[in-house]
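Peer 1: Generate a structure from the sequence data that follows.
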Amino acid sequence: MSTNNNQSQTQSPSPQGEGLGVRCANRLNTVSEYYFSIKLREVAQMNAEGKNVINLGIGNPDLPPSEETVEALCRDAFQPDAHGYQSYVGLPELRKGFADWYKKWYNVTLDPATEIQPLIGSKEGILHITLAFVNPGESVLVPNPGYPTYTSASRLCEANIISYDLDENNGWQPDFEALEKMDLSNVKLMWVNYPNMPTGAKATKQLFEKLVAFGKKHNIVICNDNPYSFILNNEKLSILSAEGAKDICIELNSMSKSHNMAGWRMAMLASNPQFIQWVLKVKSNVDSGMYRPMMVGAVQALKNSETWHAEMNKIYARRRTIACRIMDALGCKYDTNQVGMFVWARIPDKYSDSGELADEILYNKNVFITPGFIFGDKGKRYVRISLCCNEAMLEEALRRVKSE
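Peer 2: Numbers count the residues shown, from 1 in each chain. Have a look, this model is predicted:
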């Protein structure tokens, strides 16, 4: 059974409200339920039937934060004043922690009072940024392949989506010549994501310099989503390190992957003070502050040593070796220089698309991998394996894939 598009949705009876003439907003007709939301229900049903599916699909870190991080959270949770509403801009200590972190790892200087906005996860920030900058009918440049939320958030904001292709032969970087030939007169935002997900392509200083120049030339805000620079990546780069970047760029960063804190929903964005204030105007109207003990824990996590990060990467490196062997067993081809917590690979020609291969492995081998079509049609000949699974499970997945 092959799934060859990302619009599939579960069928359900007509909601009761429809009988009264109630209809959902038109914007909901432009998006479908998130692929993983649908597929994980199917995996859960297969597990309920005793099939013991090994999930190599989602980048959900299975390792814990540092002990010091959890201890800081617990200590503050016992304080009687820890449980009330918090500021929309987060604790001053958290903003300073992010600023120190950027200086240490990216060599970028940020004013913690005016150039950093903590977020309840960077997925939230994608929507906030779009609401802050894009009017209905204005355009957003979205990478293909790319994180589906860039597209869905744009659609929910009633923006016009202009897809730009990333190609393996160009190192999964934007084709600036092709971009210059587009009608960019109505474009307000451009989403980029380096180190790249799903392809694992690395950032370069030259790429960021080109993006800053492109944004300034066309008055387009460049948004770099940067949650993967700590995973199996020796050179950590921020777009904000490029000269003049703060004038036209916003960078999102997250502790989900880098610090094993996905469920904590701890992230931030950095930019110039005006952009920060516009995003805050949106954020302060749609959510409240983060739980203080989690912010205190995040402050501690941002101080994690180089040794801690190196130990995490040793684990991911061992896992990647096994994941590559799984790709080899599937006959897939991949770039050994990719970074991040996934392995992205081109499927054999015998498959019509990535959905066919992913479904074959799921239904015949009880192993769930991600078909690349969910990231756009430029991903239809690729699949992705997550490294968020221990070595024993990866070895078992390899055994199943190789079994007759």
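Peer 1: Would you map out the domains in the chain?
Peer 2: What automatic domain parsing lists as the domains of the chain is 16-63+307-402, 83-301.
Peer 1: mean confidence score for the last one?
Peer 2: What it means is domain 83-301. Here domain 83-301 scores 97 as its mean pLDDT.
Peer 1: and what of the shortest one?
Peer 2: Mean per-residue pLDDT for domain 16-63+307-402: 93.
Peer 1: Pop out the phi and psi values for residue 148.
Peer 2: Note on residue 148: backbone dihedrals following degrees, to the nearest 10 are phi -60, psi -20.
Peer 1: how many neighbours does the closest residue to it other than its chain neighbours have?
Peer 2: Leaving aside its sequence neighbours, residue 148 sits nearest to residue 374 (Cβ to Cβ, 6 or more residues apart in numbering; 6.2 Å). C-betas here are computed from N, CA, C, even on glycine. Residue 374 has 24 neighbouring residues, counting by other Cβ atoms under 10 Å.
Peer 1: do the same with the one 10 residues further on
Peer 2: The number of residues packed around residue 384, counting by other Cβ under 10 Å, is 28.
Peer 1: dump the residue contacts of it.
Peer 2: 57, 198, 342, 343, 344, 345, 369, 370, 372 (Cβ atoms under 8 Å, 6 or more residues apart in numbering).
Peer 1: Quick check: chain neighbours aside, which residue is closest to residue 174?
Peer 2: Per Cβ to Cβ, 6+ apart, closest to residue 174 is residue 164, 6.0 Å.
Peer 1: Roughly how far does that neighbour sit from residue 65?
Peer 2: 36 Å (Cβ to Cβ, to the nearest Å).
Peer 1: With residue 295 as the reference, measure out to the residue nearest to residue 376 when sequence neighbours are not counted.
Peer 2: Nearest non-adjacent residue to residue 376, counting by Cβ to Cβ, 6+ apart: residue 144, 3.5 Å away. As judged by Cβ to Cβ, residue 144 and residue 295 stand 36 Å apart.
Peer 1: again, but for residue 367
Peer 2: 38 Å.
Peer 1: picking up where we left off before, among residue 144 and residue 295, which residue is more densely surrounded?
Peer 2: residue 295 (25 against 17).
Peer 1: Which residues lie in contact with that one in this structure?
Peer 2: Applying Cβ under 8 Å, 6+ apart, the residues contacting residue 295 are 86, 90, 91, 93, 94, 118, 266.
Peer 1: repeat that with 7 Å
Peer 2: By Cβ atoms under 7 Å, 6 or more residues apart in numbering, the residues touching residue 295 are 90, 91, 94.
Peer 1: Most neighbours among those residues, which one is it?
Peer 2: residue 94 (26 neighbours).
Peer 1: Tell me where the chain has helices.
Peer 2: Assigned by DSSP state H, the chain shows helices spanning 35-48, 67-77, 92-106, 122-133, 148-156, 176-180, 205-218, 245-248, 273-286, 292-301, 306-329, 354-365, 391-402.
Peer 1: Give the buried residues for the shortest one.
Peer 2: What that stands for is helix 245-248. 245, 246, 248 (16 or more other Cβ atoms under 10 Å).
Peer 1: and it, how far from the chain's centre?
Peer 2: Between the centre of helix 245-248 and the centre of its chain there are 22 Å (Cα atoms, centre = their mean, to the nearest Å).
Peer 1: Put the alpha carbons of that helix into PDB.
Peer 2: Coordinates of the C-alpha atoms in helix 245-248 are reproduced here as PDB (Å, rounded to 0.1, in the frame of the first residue of the first chain):
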ATOM      1  CA  ALA A 245      22.400  39.700   9.600                       C
ATOM      2  CA  LYS A 246      20.500  41.200  12.500                       C
ATOM      3  CA  ASP A 247      19.100  43.900  10.200                       C
ATOM      4  CA  ILE A 248      17.100  41.400   8.200                       C
END
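Peer 1: Please enumerate residues in contact with that helix?
Peer 2: 212, 215, 216, 221, 222, 239, 240, 271, 272.
Peer 1: got those residues as TSV, with neighbour count and distance to residue 140 columns?
Peer 2: Shown next, in TSV, are the contacts of helix 245-248 (neighbours: other Cβ atoms under 10 Å; distance: Cβ to Cβ, whole Å):
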residue	neighbour count	distance to residue 140
212	21	18
215	23	13
216	15	18
221	21	10
222	24	12
239	29	17
240	25	21
271	27	17
272	17	20
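Peer 1: Among those, which one lies nearest to residue 27?
Peer 2: Nearest to residue 27 among the contacts of helix 245-248, counting by Cβ to Cβ, is residue 221 at 21.8 Å.
Peer 1: dump the residue contacts of residue 276.
Peer 2: When contacts are counted by Cβ under 7 Å, 6+ apart, residue 276 is found next to 114, 115, 117.
Peer 1: Go through those residues and flag which are in strands.
Peer 2: Residues of these located in strands (DSSP state E): residue 117.
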